[in-house]
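Enquirer: Okay, structure incoming, though there's no sequence with it:
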């Protein structure tokens, strides 16, 4: 049987993985919280204890502790070098590091250095490295609620409508309507009245 410490670590790791999947900006700081839990304190404690196995698991999820002790310019150079010399780069791993540590620091980075990374990114992954903040799950929930309460765009006050009315939201909302598990993951962000409305429209059934 797993020890209580191991079980606790696994719970924190699962929470961290969820935060990363939602493109949350991860911070190794006691002030950083996610879903009401002190995830930042867990990261700070893990770093200080120098638990090699736990740190490896955290970094495998995409968190790079070294970033927090370096300035963004130095980190961009190291990130670019690592990607350029990586023969089998894990794209999701690099995306997570980029979104967490480089994108928020764009204003401190030199244009030429950004172009160098963009060039290597295109060579390694075949697509363009965008420097706009990706839309998070919370952003999408906010936009979905805005649609629901916008009387001009959505006079019927429904949570789901035709694609021409919902625009880019349509595909994301449709996936929640057809997959109860996906909807359950975000149900905590809706009040009781909203949940009742959603159930009547076929969500959470």
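Expert: Received the coordinates, thanks. Please read these numbers as outputs of a predicted model, since none were measured by experiment.
Enquirer: Buried residues of the longest helix along the chain, list them for me.
Expert: For the chain, the helix that runs over the most residues, judged by DSSP state H, is helix 4-21. Using 16 or more other C-beta atoms under 10 Å as the test for burial, helix 4-21 gives 9, 12, 13, 16, 19, 20. C-beta: built from backbone N, CA, C; applies to glycine.
Enquirer: And stretch 138-150, by the same measure?
Expert: Neighbour-count burial for stretch 138-150, with 16+ other C-beta under 10 Å as criterion, is recorded at 140, 143, 144, 147, 148.
Enquirer: how about the nearest residue to residue 22 once chain neighbours are set aside, what does it touch?
Expert: Residue nearest to residue 22 in three dimensions, not counting chain neighbours: residue 137, with 4.5 Å by C-beta to C-beta, 6 or more residues apart in numbering. Residues touching residue 137, when contacts are defined by C-beta atoms under 8 Å, 6 or more residues apart in numbering, comprise 22, 23, 186.
Enquirer: Was I right to think the second one contacts residue 99?
Expert: Yes - taking contacts as C-beta atoms under 8 Å, residue 23 lies within contact range of residue 99: 5.7 Å.
Enquirer: shared neighbours of those two, anything?
Expert: Shared contacts of residue 23 and residue 99 (C-beta under 8 Å, 6+ apart): residue 134.
Enquirer: The one residue sitting closest to the centre of the chain in helix, strand or coil?
Expert: Closest residue to the average C-alpha location of the chain: residue 23 at 1.2 Å, with C-alpha atoms, centre = their mean. Three-state secondary structure (criterion: DSSP: H, G, I helix; E, B strand; the rest coil) places residue 23 in coil.
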